[in-house]
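> below is the structure, and that's it, no one-letter string:
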């Protein structure tokens, strides 16, 4: 009897209208869904590797770069005068190296799904598309860059309020400038379609097959300072035995008063003798 009653209950429940499925969540534009605001003027703060970043290193100085035999041979044959004569003086200012140089970067939104990164050293510019279907054009120093927000949790109603009333309770991680700094999530930029270029100003080669991946996070600092931390991975199967990984820091500036675009010219050079141990 109990079994029959249970069966009847199941049949009746199956016949009760369950209502329409919930509407799909809207897909927000990358600018709207950003876990932090990357825009503004940011100045490179060089606290290490001065001998490779503030000057043009000596010819043959490629310590810490995992060059293979072909890369080693090409780096030793570096001829800066030949680069100028052939119109390739911007080879040291490409996507593989630009974040490591003592430069400023100005980041803006071109539209709701396209970022622009302008660098004053070498007067470089990289367009970052969040639309993965965007097709690359000709090879360039800054290549074809595709961006995406990563490690971002799904949207949740604020505690103490509702999704329709975000003013109630906590305002969440996007509830103001101070809260925004306590971010969860970052920006990943994968750059391909590069012209052959240099990893360092002294001719350390990067081939057209290289893939440059930047991970960009914004973090707070003492006294209300704001920082961008950029982790760069250069993966080049032609000239490297393994990926080359660095981390660079940029501090926000109040405005563009110190912005100073300069041509692609080598930084002051150090003694051109190769370092000991090579």
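Yep, it's here. It should be emphasised that the depicted structure is a prediction, and the values quoted were computed from it without experimental measurement.
> name the residues of stretch 70-85 that are buried.
Burial within stretch 70-85, assessed by neighbour count using 16 or more other Cβ atoms under 10 Å, is assigned to 71, 72, 74, 75, 78, 80, 83. For the C-beta atoms, the positions are set from N, CA and C on the backbone; glycine is no exception.
> hmm, the last one is touching residue 93, no?
Same thing as residue 83. No - counting by Cβ atoms under 8 Å, residue 83 does not reach residue 93; the two are 11.4 Å apart.
> residue boundaries of the strands in the chain?
40-45, 104-111, 114-119, 124-129, 144-150, 186-192, 197-200, 204-206, 211-220, 226-235, 244-253 (DSSP state E).
> out of those strands, which is the most enclosed?
strand 204-206 (a mean of 26; mean count of other Cβ atoms under 10 Å).
> now distance to residue 258 and pLDDT too, for the buried residues of stretch 70-85, in TSV please.
Below are the buried residues of stretch 70-85 laid out as TSV (distance: Cβ to Cβ, whole Å; pLDDT from 0 to 100):
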residue	distance to residue 258	pLDDT
71	36	98
72	38	97
74	36	97
75	33	97
78	31	97
80	28	95
83	28	96
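> looking at those, spot the one nearest residue 264.
If you rank the buried residues of stretch 70-85 by distance to residue 264 using Cβ to Cβ, residue 83 comes first, at 9.3 Å.
> so who does the closest one touch?
Listed by Cβ atoms under 8 Å, 6 or more residues apart in numbering, the contact partners of residue 83 are 89, 91.
> where does pLDDT dip in the stretch 151-278 of the chain?
Along the stretch 151-278 of the chain, the parts satisfying pLDDT under 70 run over 154-183, 270-278.
> let's see it at 80
Where the stretch 151-278 of the chain drops to pLDDT under 80, the residues are 153-183, 270-278.
> sorry, back to before: figure out which of the strands of the chain is closest to residue 56.
strand 197-200 (8.3 Å).
> does that closest one pack against any helices or strands, and if so which?
Using 3 or more Cβ pairs under 8 Å, 6 or more residues apart in numbering; DSSP states H and E as the contact test, the elements touching strand 197-200 are strand 204-206.
> contacts for the strand it packs on?
62, 65, 67, 71, 74-75, 94, 96-97, 194, 196-199, 234, 236, 239.
> return the subset of those lying in helices.
Judged by DSSP state H, the contacts of strand 204-206 include 71, 74, 75 as members of helices.
> distance of the first one relative to residue 34?
What that stands for is residue 71. Remark: distance between residue 71 and residue 34 (Cβ to Cβ, to the nearest Å) = 37 Å.
> now the second one
Relative to residue 34, residue 74 is positioned 40 Å away (Cβ to Cβ).
> contacting residues for the closest residue to residue 147 other than its chain neighbours?
Closest residue in space to residue 147, ignoring its immediate chain neighbours: residue 128 at 4.2 Å, by Cβ to Cβ, 6 or more residues apart in numbering. Applying Cβ under 8 Å, 6+ apart, we find residue 128 in contact with 114, 115, 116, 117, 145, 146, 147, 189.
> and the strands of the chain: which comes nearest residue 28?
Closest among those, using Cβ to Cβ: strand 144-150, at 10.1 Å.
> what about the residue nearest the centre of the chain, distance to residue 41?
Central residue of the chain (Cα atoms, centre = their mean): residue 214, 3.5 Å from the mean position. According to Cβ to Cβ, residue 214 stands 18 Å off from residue 41.
> who's the nearest residue to residue 98 once chain neighbours are set aside bridged to?
Distances taken as Cβ to Cβ, 6+ apart put residue 119 closest to residue 98, at 5.4 Å, once the chain neighbours are dropped. Per DSSP bridges, residues listed as beta-bridge partners of residue 119: residue 105, residue 124.
> contact partners for residue 119?
Counted by Cβ under 8 Å, 6+ apart, residue 119 has contacts 93, 98, 101, 103, 104, 105, 125, 126.
> go with 7 Å
98, 103, 105 (Cβ atoms under 7 Å, 6 or more residues apart in numbering).
> surely the first one touches residue 123?
Pointing back at residue 98 there. No - Residue 98 sits out of contact with residue 123 when judged by Cβ atoms under 7 Å, with a separation of 11.0 Å.
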